[in-house]
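# need the 3D shape of this:
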Amino acid sequence: MLRNFRASLTPIDSTRIVRRQLPAVCTLALLGLASTPTGPAVAAMSWTKVTDASNPIVTDQGADSQKYYGASWIDYDGDGDIDLFVDQDLLYRNDGAGVFTKILTSGLGSLKTTTQPFSMEGQSWADVDNDGDLDAFLSGEVGYLYRNAAGLFTPVQSGAIGTGLDNRGWACTWADYDNDGFVDLMITLPDGFIPGPTSSNHLFHNDGPPNWTFTRVTSEPITSEIAPFTVATWADYDDDGDQDLFIGSGPANGTVIPDYLYRNLLTETGTANFERILDAPIGTDLQDGQVWNWIDYDNDGDLDAYLTNYAGTSGTGMANRLYRHESDGSFTPITGQPIVLDADPSLASTWGDLDNDGDLDCFVATDGSVRDRIYENNNDGTFTSIFTTPLSGVAFATRSATLGDYDDDGDLDLFVNAPTIRRSLYRNETTGNHWLKATLVGTVSNRAAIGARVRIKATIWGQPVWQRRDVSAQNQFQGQNDLRQHFGLGDAAVIDSLIVDWPSGRQSILTGVARDQHITLAEPTSASLETTEARQVGRPVLLGSWPAPFAEGTRVRLRLHSDAPAVLAVHDATGREQRRIVLTSAAGDQVVTWDGRDARGAELPGGVYWLRLESAGRSDRLQVVRIR
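Predicted coordinates for the structure are as follows:
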């Protein structure tokens with residue numbers, strides 16, 4: 001945001017919760033200890049700025065310096081490669097071999113409105129109607145949903161979501177917050193930044209087929225408070241199976257305040273309501289917050305948080321925050337690292353394995369005459385600033401920055417949506433390491449698999465390493481990265497295990513996956529789902545566990561339908577019982593913690609375990625995975 005601009009301003013169905021079950025295709029015999037790779041130095045990052053005069057992406061000028069617009073790599077035409085959407089209405093089709101064509105008749109942005117020199121427009125992409133193509137919501141002084149039909153977009157101008165002026169906002173993001181299989185929409189409205197009457201944020205519930213209409217939700221704290229909200233991000237930060245919400249609230253006026261973070265109570269209560277997260281430090285630290293990005297930077301299986309800050313109290317720049325997620329659910333602020341020491345006015349952070357060495361690196365886009373930042377992950381929880389590439393060698397304002405492998409050579413390329421002539425496309429030419437890309441297709445879950453979690457295990461530099469990616473429709477600033485999930489593999493010969501946890505609760509597991517390929521995974525359709533009728537006849541139900549996978553302990557949510565004695569038994573992959581936990585015999589939902597120990601109190605090794613819930617002669621079971 002611009003500080004000088006700011007200074008011039010005076011009932012959800014709970015039966016959709018389903019249990020996770022192991023498909024019949026395979027078992028995880030290859031699960032082992034999780035570790036961080038330590039081995040030979042990998043190839044240095046190598047980037048080339050694309051200057052091809054025939055490429056409209058790099059010849060078209062960006063918006064003027066007072067415009068804060070987004071950019072996203074997306075496959076809008078479903079041909080298997082990623083295209084680029086920029087600003088309010090610029091769509092570039094990827095024709096392969098580095099060739100792009102500017103599409104002038106797509107219909108995207110046809111209802112855009114800009115009435116002031118300072119303006120903003122966010123974007124978020126998902127398959128809103130589960131018809132196999134990506135739709136877009138574009139936020140700004142007006143906000144409209146654009147439905148995709150064979151590459152042509154039509155704005156929705158009816159119903160609650162079709163009143164563009166009423167739906168104005170800074171940024172927007174899709175996620176299925178109530179796990180009904182349809183993506184819902186969050187729009188942030190910063191007080192004082194957008195023309196029009198004072199209002200709070202907008203939350204729209206997707207009502208699904210046959211009409212695919214939306215209902216405006218006004219009863220939640222996320223739609224009742226008024227603040228200088230910036231960008232919202234959905235993420236299942238506590239791994240309990242529902243999407244939580246994180247909103248930067250950067251005043252950009254010389255003050256700092258706690259950001260607006262909300263826990264989704266769907267798993268805890270069966271209803272998708274939200275409560276403010278006030279836990280220290282993430283809910284109490286004073287910020288000039290822009291974007292929360294949830295990533296597993298240390299490869300320990302849970303989501304850590306990175307927040308970009310803007311000007312802060314100095315007015316010239318504030319250091320960003322990195323919070324490490326601990327095994328007990330708490331967060332530790334990281335200190336003493338360049339990634340949290342550089343005090344710049346920062347906007348986008350975009351995370352990806354830029355050198356394919358098996359961990360996540362970070363690119364930060366700054367505002368003003370400040371160099372952008374690349375932070376290389378050192379594989380040991382620390383980061384090194386990289387200034388030897390064209391990405392971070394020149395000081396100028398940058399806004400949105402999106403990662404995606406546009407040339408399909410296995411590494412992540414970067415488009416930077418800077419103002420005027422600074423807009424840039426950088427091709428990644430780092431070599432020497434292996435990779436994997438995965439496209440997810442939801443069937444019971446939303447078609448674009450927004451909210452799905454992908455984990456892989458491979459031996460890198462002689463050490464077994466777990467990596468994690470979560471599918472997001474807003475993970476930088478005013479836009480998103482390629483929905484195809486990318487993993488660097490270093491010198492790994494094969495992916496030992498690949499696990500997808502779908503938003504529906506279903507799970508896909510593959511073993512022995514070849515490296516250096518792009519795979520497509522569809523959500524299994526034959527998984528056994530827990531139905532309302534089955535619950536009503538009295539069978540106990542295991543509803544889920546978190547974190548998943550776990551290292552120290554896991555919390556298990558279950559449901560009992562009677563006061564009969566109940567036991568939770570733990571079995572290893574061979575079927576041998578390792579532990580029996582006697583439960584409180586009371587009908588209703590309970591949360592039980594298993595500490596990862598056997599009946600003698602000894603720590604059990606990493607691997608697959610089955611939990612069996614027994615009550616009144618009936619049972620249910622749930623698979624959990626321990627990484628150590």
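
# Gln478 contacts Leu138, doesn't it?
No: with contacts counted by C-beta atoms under 8 Å, Gln478 stays clear of Leu138, the gap being 10.1 Å. Quick note: C-beta positions are derived from backbone N, CA and C, even for glycine.

# who touches both of those two?
Common neighbours of Gln478 and Leu138, counting by C-beta atoms under 8 Å, 6 or more residues apart in numbering, are Glu121, Gly122, Gln123.

# for the first one, give the beta-bridge partners.
Going back to what we said before, that points to Glu121. Tyr69 (DSSP bridges).

# burial count for it?
For Glu121, the count of nearby residues is 29 (other C-beta atoms under 10 Å).

# secondary structure class for the nearest residue to Ala548 once chain neighbours are set aside?
Residue nearest to Ala548 in three dimensions, not counting chain neighbours: Asp239, with 5.7 Å by C-beta to C-beta, 6 or more residues apart in numbering. Secondary structure, DSSP: H, G, I helix; E, B strand; the rest coil: Asp239 is coil.

# what separates Asp239 from Tyr260, distance-wise?
As judged by C-beta to C-beta, to the nearest Å, Asp239 and Tyr260 stand 21 Å apart.

# wait, which of the shared contacts of Gln478 and Leu138 is closest to Ser224?
Closest to Ser224 out of the shared contacts of Gln478 and Leu138 is Gly122 (21.2 Å), distances taken as C-beta to C-beta.

# what's near enough to touch the closest residue to that closest one other than its chain neighbours?
Closest residue in space to Gly122, ignoring its immediate chain neighbours: Ala171 at 3.5 Å, by C-beta to C-beta, 6+ apart. Applying C-beta under 8 Å, 6+ apart to Ala171 gives the contacts Gly70, Met120, Gly122, Ser124, Ser139, Ile187, Thr188, Thr230, Val231, Ala232, Gln474, Gln478.

# element containing Cys172, please.
Using DSSP states H and E, Cys172 sits in strand 171-175.

# quick check: mean pLDDT across that strand?
Taken as a whole, strand 171-175 has a mean pLDDT of 98.

# next structured bit after it?
Later in the chain than strand 171-175, the nearest helix or strand by DSSP H and E is strand 184-188.

# what angle do the next helix or strand after that following strand and strand 184-188 make?
Counting by DSSP H and E, the next helix or strand C-terminal to strand 184-188 is strand 202-206. Taking axes from the mean of the first three to the mean of the last three C-alpha atoms, to 10 degrees, one finds strand 202-206 and strand 184-188 inclined to each other by 170 degrees.

# direction included, what does whatever helix or strand comes next after strand 202-206 pair against?
Next along the chain after strand 202-206, taking DSSP H and E as the criterion, comes strand 214-217. Strand pairing for strand 214-217, determined by DSSP bridges: strand 202-206 (antiparallel).

# may I have the partner strand as CSV, with CA atoms only?
The C-alpha trace of strand 202-206 is given here as CSV (Å, rounded to 0.1, in the frame of the first residue of the first chain):
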residue,chain,number,x,y,z
HIS,A,202,-17.4,-9.9,2.0
LEU,A,203,-17.9,-13.7,2.5
PHE,A,204,-19.9,-15.7,-0.1
HIS,A,205,-21.0,-19.3,0.3
ASN,A,206,-21.2,-21.3,-2.9
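
# can you give me the angle it makes with strand 171-175?
Going by the same axes, to 10 degrees, strand 202-206 makes 30 degrees with strand 171-175.

# quick check: mean pLDDT of strand 202-206?
Rounded mean pLDDT across strand 202-206 is 98.

# pull the residues that contact it.
By C-beta under 8 Å, 6+ apart, strand 202-206 touches 128, 143, 160-161, 167, 169, 176, 178, 180, 182-187, 189, 212, 214-218, 220, 222-223.

# what do you get if the cut-off is 7 Å, keeping everything else the same?
Strand 202-206 is contacted from outside by 128, 160-161, 167, 169, 182-187, 189, 214-217, 220, 222-223, using C-beta atoms under 7 Å, 6 or more residues apart in numbering.

# now these: which count as buried?
Among these, the ones that count as buried by 16 or more other C-beta atoms under 10 Å are 128, 160-161, 167, 169, 182-187, 189, 214, 217, 220, 222-223.

# where does the protein have low pLDDT?
Confidence mapping of the chain against pLDDT under 70 gives the ranges 1-43, 526-538.

# re earlier: can I get the contacts of Ala171 in CSV with distance to Ser349?
Shown next, in CSV, are these (distance: C-beta to C-beta, whole Å):
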residue, distance to Ser349
Gly70, 14
Met120, 18
Gly122, 16
Ser124, 17
Ser139, 20
Ile187, 21
Thr188, 17
Thr230, 13
Val231, 11
Ala232, 15
Gln474, 12
Gln478, 12
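
# please, where are all the strands along the stretch 51-200 of the chain?
For the stretch 51-200 of the chain, the strands defined by DSSP state E, counting those that start in this stretch cover 67-69, 71-74, 83-86, 90-94, 100-103, 119-126, 135-139, 144-149, 152-155, 171-175, 184-188.

# in the stretch 201-350 of the chain, which spans are strands?
Under DSSP E, counting those that start in this stretch, the stretch 201-350 of the chain gives strands at 202-206, 214-217, 232-235, 244-247, 260-264, 274-276, 289-295, 304-309, 318-319, 321-325, 331-333, 343-344, 346-352.

# which one of these lies nearest to Asp87?
That would be strand 346-352 among the strands of the stretch 201-350 of the chain, by C-beta to C-beta, at 14.5 Å.

# quickly run through the sheet partners of the closest one, with directions.
strand 361-366 (antiparallel).

# what sits up against stretch 72-85?
Stretch 72-85 is contacted from outside by 57, 71, 91-94, 96, 108, 123, 125, 132-134, 148, 151, 402, 404, 406, 408, 415, 479-483, using C-beta under 7 Å, 6+ apart.

# let me know whether Phe274 touches Ile222 as I believe.
Yes: in this structure Phe274 lies within contact range of Ile222 using C-beta atoms under 7 Å: 5.6 Å.

# between these two, what contacts are shared?
Common neighbours of Phe274 and Ile222, using C-beta under 7 Å, 6+ apart, are Leu245, Tyr262.

# how about the nearest residue to the residue most central in space within the chain, chain neighbours excluded?
Nearest to the mean C-alpha position of the chain, by C-alpha atoms, centre = their mean, lies Ser472 at 3.3 Å. Spatial nearest neighbour of Ser472, chain neighbours left out: Gln480 (6.4 Å); criterion: C-beta to C-beta, 6+ apart.

# secondary structure class for that neighbour?
In three-state terms, and counting by three-state DSSP, Gln480 is coil.

# residue contacts, it?
Residues counted as contacts of Gln480 (C-beta under 7 Å, 6+ apart) are Ser72, Ser124, Trp125, Thr402, Ser472, Ala473, Gln474.

# chain neighbours aside, what residue packs nearest to the last one?
Which is Gln474. Thr173 (3.5 Å).

# at which residues are the helices of the stretch 1-150 of the chain located?
Using DSSP state H, counting those that start in this stretch, the helices of the stretch 1-150 of the chain run over 3-7, 56-59.

# contacts for stretch 106-124, please.
2, 5, 66-70, 72, 85, 87-89, 91, 136-142, 144, 146, 151-155, 164, 170-174, 195, 473-474, 478-480.

# pull up the distance across that stretch, start to finish.
17 Å (C-alpha to C-alpha, to the nearest Å).
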